[in-house]
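Student: only geometry, no sequence info:
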Ligand code: OGA
Ligand code: NI
């Protein structure tokens with residue numbers, strides 16, 4: 001609990017252990033807002049033109065690995081309520097937060113400062129509540145009991161996001177030319193995990209990071225964020241900020257989908273910076289495979305002319321890959337490198 005940044009009252013200076021090394025700290029350079037990130041609006045014509053929708057989504061996933069989805073059908077009220085209830089959770093008295101704090105990664109639902117606080121070289125300016133969501137009846141009893149409406153609101157939200165994620169994967173399935181239902185019938189999309197990130201105000205955002213540079217390990221992430229900027233994407237070697245829109249989902253491809261698509265879709269690197277005077281909260285919902293699921297480039301992508309489209313990655317069990325993926329440490333080997341095939 002004492003490791004949570006919010007439990008240290010009135011910090012005027014950034015503690016030494018939170019100062020990011022100069023080569024990877026944000027610094028004072030102005031980061032341009034990413035106006036070119038594709039915004040896909042599914043109300044109106046596009047929503048009824050499936051072929052056009054598939055094309056736009058595929059283009060965004062290939063060029064950026066990211067897009068914003070608006071008019072997606074999840075109600076504004078639910079989006080608003082879920083952000084409100086998670087903010088109430090982060091504002092609970094210390095004793096309530098303490099009861100859900102844990103450093104044991106095996107604990108299904110836990111609030112923590114970092115995945116690996118004691119071993120990481122530098123700490124990040126955030127706290128995270130993490131728990132699985134799907135199937136709901138298996139997990140909901142482990143979720144926080146306070147605020148009183150947490151389980152109801154987050155339960156409804158996670159079910160809506162699951163539906164939307166599977167719908168998006170169905171469009172991607174079509175775009176990749178896979179057989180219909182490829183993602184649904186498969187152990188690939190059995191799990192849903194929520195990371196609720198809270199970045200308290202920071203005395204000097206130029207020295208710190210809320211989340212280090214990483215790509216998500218899963219298939220697909222849907223992120224809901226408040227109207228406070230913080231998410232940045234690495235595009236052609238440059239950091240670009242994503243315009244925050246609390247009514248949109250920021251959708252991004254994870255590394256598992258990059259591998260399955262044999263590198264066609266991009267699991268782009270991103271990070272979260274902090275703000276000086278405002279806290280920021282975001283809810284990342286991950287769709288990911290079951291532990292024993294075998295992951296590798298989908299054969300149908302390779303068969304046509306495998307000499308020109310060789311497999312870029314070797315296959316593996318998802319659980320082995322996860323154990324080598326440590327997003328929160330300054331790993332020197334990027335997680336995908338060890339699965340790349342050298343030609
Ligand atoms: C994540 C993530 C970004 C954000 O949780 O994987 O990238 O803006 N979050 O909180
Ligand atoms: Ni991420």
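Tutor: Right, received. Where do you want to start? Bear in mind that the values here come from a model prediction, so they are computed numbers and not experimental data. Ligands and ions are numbered 1, 2, ... in the order given.
Student: output the longest helix belonging to the chain.
Tutor: For the chain, the helix that runs over the most residues, judged by DSSP state H, is helix 150-176.
Student: what about that one, near ligand 1?
Tutor: No. Helix 150-176 is not in contact with ligand 1 by CB under 6 Å from any ligand atom; minimum separation 13.8 Å. Just so you know, the C-beta spots here come from the backbone N, C-alpha and C atoms, and that holds for glycine as well.
Student: packing partners of that helix?
Tutor: helix 50-63, helix 76-90, strand 127-134, helix 136-139, strand 191-199, strand 220-225, strand 249-253, strand 280-288 (3 or more CB pairs under 8 Å, 6 or more residues apart in numbering; DSSP states H and E).
Student: let's go with 7 Å and repeat that
Tutor: helix 50-63, helix 76-90, strand 127-134, helix 136-139, strand 191-199, strand 220-225, strand 280-288 (3 or more CB pairs under 7 Å, 6 or more residues apart in numbering; DSSP states H and E).
Student: could you list the low-pLDDT ranges of the stretch 201-343 of the chain?
Tutor: 303-307, 325-335 (pLDDT under 70).
Student: same thing but 80
Tutor: 303-308, 322-338, 342-343 (pLDDT under 80).
Student: would you list every one of the strands in it?
Tutor: 211-214, 220-225, 231-235, 238-241, 249-253, 270-272, 280-288, 294-295, 316-317 (DSSP state E, counting those that start in this stretch).
Student: report the separation between residue 214 and residue 269.
Tutor: 7 Å (CB to CB, to the nearest Å).
Student: try residue 302
Tutor: For residue 302 relative to residue 269 (CB to CB), the value is 26 Å.
Student: also residue 311?
Tutor: 23 Å.
Student: residue 248 now?
Tutor: 21 Å.
Student: kindly report the same for residue 204.
Tutor: 24 Å.
Student: quick check: closest non-adjacent residue to whatever residue of the stretch 101-250 of the chain ends up closest to ligand 1.
Tutor: Of the residues in the stretch 101-250 of the chain, the one nearest ligand 1 is residue 231, at a distance of 3.7 Å by CB to the nearest ligand atom. Using CB to CB, 6 or more residues apart in numbering and skipping the chain neighbours, the partner closest in space to residue 231 is residue 242 (4.4 Å).
Student: please apply the same query to residue 223.
Tutor: residue 250 (4.2 Å).
Student: burial count for that neighbour?
Tutor: Residues lying near residue 250 (other CB atoms under 10 Å) number 23.
Student: list the contacts for it?
Tutor: Residue 250 makes contacts with 66, 68, 223, 225, 231, 242, as judged by CB atoms under 7 Å, 6 or more residues apart in numbering.
Student: who wins on neighbours among the residues you listed?
Tutor: Neighbour-wise, the contacts of residue 250 (other CB under 10 Å) top out at residue 231, 27 neighbours.
Student: that one against residue 270, yeah?
Tutor: Yes. Contact criterion CB atoms under 7 Å: residue 231 and residue 270 qualify, at 6.4 Å.
Student: enumerate the beta-bridge partners assigned to the residue of the stretch 101-250 of the chain closest to ligand 1.
Tutor: residue 272 (DSSP bridges).
Student: contacting residues for it?
Tutor: Residue 231 neighbours (CB under 7 Å, 6+ apart): 225, 242, 250, 270, 272.
Student: so the nearest residue to the first one once chain neighbours are set aside versus residue 244, what's the distance?
Tutor: To tie it back to what came earlier, the one meant is residue 225. Nearest residue to residue 225, sequence neighbours excluded (CB to CB, 6+ apart): residue 282, at 4.2 Å. The spacing between residue 282 and residue 244, counted by CB to CB, is 9 Å.
Student: fine by me, thanks again.
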